[in-house]
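S.K.: structure here, sequence nowhere to be found:
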C-alpha cells in the first residue's frame with residue numbers, strides 16, 4: 001500500500017487484519033472508506049479483475065458491518081450494509097447474493113433494534129406470505145432471511161398479536177424446506193413453540209420431539225415439549241421432561257412450569273415449594289436484565305392458589321401474597337387478569353370471614369369486567385352475589401341473581417343460588433321451586449339435587465343442613481397454566 005495506496009485488495013486485506021487480528025474496529029472502518037474510494041476509481045477505469053476483487057471487498061464490508069451491529073453501533077452497521085447493497089447492484093458488478101444478504105443484514109439490525117416494521121418491509125420484498133407477487137421476484141431470501149422473517153412474525157405474536165402465529169408458522173416451515181439439512185434443533189424449536197402457542201398441540205409435540213431428538217440437552221426444548229405433551233394428556237412423559245428441563249437449567253420458567261404441573265395434578269404442597277423457588281429465580285433474572293422473566297406477581301398468584309389447595313396451607317400467607325401481587329397488577333392493561341385475581345382474593349377473604357374486604361374486592365372485580373363479553377359479566381354478578389350471600393346480605397345477593405336472570409332467563413347457577421337465598425329466608429316452598437327450575441334446564445346439576453334431597457315444604461329433613469352455592473369462580477378466562485420457554489425467553 002505504500003507503493004499503491006489505492007490498491008483495493010491491499011486495503012481489503014488490511015481491513016481484515018485490523019478487525020479480526022488487532023481488534024481495531026475503528027481503524028477497520030477508516031480503511032473501508034479508503035477502499036470505497038479505491039473501488040470508485042477502479043470502477044471508473046474498469047478492468048477485467050474488478051469483479052473478483054470487489055467480491056472480497058463486499059464480503060469484508062458485510063463482516064465489518066455485522067461486527068459494528070454486535071457492538072451496538074447500529075447506524076454505522078446499516079451504512080455499511082447499504083454500501084454493499086449499492087455496489088452489488090452496480091451493473092458492472094451485479095452480485096445478487098450480496099444484494100440480498102446486505103438487505104437481510106440490514107433487516108436483522110432493525111429487528112435487533114426493536115423496529116419490526118422496518119425489518120419486515122425489507123424482507124417482504126423477496127418473500128410472500130399470502131401468495132401475492134413480490135417486488136423482487138427474480139431474487140429470493142436465503143435460509144437466514146426466511147428464518148429472520150419467521151422470528152419477526154413470532155415476536156409480534158408473542159407481544160400479543162396472537163393471530164400472527166399463523167404467519168410465523170408458515171414462514172418457519174418455509175425455512176425448514178429451504179435448509180439443506182432440514183433445519184437445526186433451534187429452528188424446529190421455534191416452529192414447535194409457535195405451534196404450541198397457536199394451540200396446535202399434536203403437531204407441536206411432533207416438531208418439538210424432532211428438536212429434542214436433535215438436541216436432548218436443551219432445557220427450553222424439554223420444557224416446551226413437556227407442555228405440549230401435558231396438553232395432550234400424556235402426563236407422565238410431560239412430568240419427566242419438565243423435571244429434566246429443571247435439571248438441565250434450573251431457570252425461572254422451568255421451575256415455574258414444574259410448580260404449575262404439580263399444582264394442576266393435585267400436589268399443592270410440592271407445587272408451592274417450586275413456586276417459591278421460581279420467585280427467587282425470576283427476580284434474579286429480572287434484575288440481570290431479562291425482560292422476559294415471569295413477573296413476580298404472576299407467580300405469587302399461583303403460589304397463593306397452591307397454598308389454598310393444601311389442607312394444611314397457611315391462609316394468612318396466601319392473603320399476604322394476593323395483597324402483594326395486586327399492588328403490582330392492579331393498573332396493568334389486562335383488566336380481565338386483574339379482575340380474576342381480585343375475585344380469587346375476595347373468595348379467600350370471604351372464606352376466612354373477612355366479609356367487608358371480600359365485598360369491596362369483588363365489587364372492584366365486577367367493575368373491571370364491565371366491558372367484557374356477556375357471559376363474563378353475568379358470571380361476575382354471580383360471584384358478587386355469592387360474596388354478599390356469604391356475608392349474610394340476602395337481599396343484596398338476591399338483587400345480583402335477579403340481574404343475571406334478566407340477561408339470561410335460564411341461568412342454572414342463578415336459579416340455584418336464588419334457591420339458597422329463599423332457603424336462608426326459610427321460604428322453603430319458594431326454595432324448592434327454584435331448585436326444581438335448575439333441574440329443568442340442567443338435569444345433572446349436583447347442588448340442586450342435593451338441595452332437593454335435604455328440604456321439604458316444612459323445612460329441612462335434617463338439622464340445619466348447609467346448602468351449597470354454585471358458580472363461585474373468577475368469571476373469566478384463566479391465565480395459561482404453563483410458561484412457554486420460547487426463544488425470546
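M.R.: Ah, there it is. Source: prediction; values computed, not measured. Numbering: from 1, shown residues only.

S.K.: where does residue 23 fall, phi/psi-wise?
M.R.: Here is the backbone geometry of residue 23 (degrees, to the nearest 10): phi 50, psi 40.

S.K.: number of residues surrounding it?
M.R.: When neighbours are defined as other Cβ atoms under 10 Å, residue 23 has 10 of them. Bear in mind the C-beta positions are built from the backbone N, C-alpha and C, glycine included.

S.K.: for residue 3, see how far away it is.
M.R.: 27 Å (Cβ to Cβ, to the nearest Å).

S.K.: residue 162 too?
M.R.: The spacing between residue 162 and residue 3, counted by Cβ to Cβ, is 63 Å.

S.K.: quick one, which of the two is more surrounded?
M.R.: Higher neighbour count among residue 162 and residue 3: residue 162, with 13 against 6, using other Cβ under 10 Å.

S.K.: quick one: the strands in this structure?
M.R.: Secondary structure of the chain (DSSP state E): strands located at 455-456, 459-460.

S.K.: which strands and helices lie in contact with the first one?
M.R.: Right, the one you point to is strand 455-456. helix 428-441 (3 or more Cβ pairs under 8 Å, 6 or more residues apart in numbering; DSSP states H and E).

S.K.: now the helix it packs on, how far from the chain's geometric center?
M.R.: 45 Å (Cα atoms, centre = their mean, to the nearest Å).

S.K.: in that helix, what counts as buried?
M.R.: By neighbour count on 16 or more other Cβ atoms under 10 Å, the buried set for helix 428-441 is 428, 430-432, 434-435, 437-439.

S.K.: do stretch 76-87 as well
M.R.: 76-78, 80-81, 83-85, 87.

S.K.: ditto for stretch 229-237
M.R.: For stretch 229-237, by 16+ other Cβ under 10 Å, it's 229-231.

S.K.: between these, which is closest to residue 112?
M.R.: residue 231 (32.4 Å; Cβ to Cβ).

S.K.: show me the helices in the stretch 351-489 of the chain, by range?
M.R.: For the stretch 351-489 of the chain, the helices defined by DSSP state H, counting those that start in this stretch occupy 355-368, 374-390, 394-407, 412-424, 428-441, 446-454.

S.K.: burial-wise, tell me which of those helices comes out on top.
M.R.: helix 412-424 (a mean of 24; mean count of other Cβ atoms under 10 Å).

S.K.: show me what it is packed up against.
M.R.: Secondary elements touching helix 412-424 (3+ Cβ pairs under 8 Å, 6+ apart): helix 374-390, helix 394-407, helix 428-441, helix 446-454.

S.K.: for the closest residue to residue 82 other than its chain neighbours, the count of nearby residues, please.
M.R.: For residue 82, the nearest residue in space outside its immediate sequence neighbours is residue 106; the separation is 6.8 Å by Cβ to Cβ, 6 or more residues apart in numbering. Residue 106: 24 surrounding residues under other Cβ under 10 Å.
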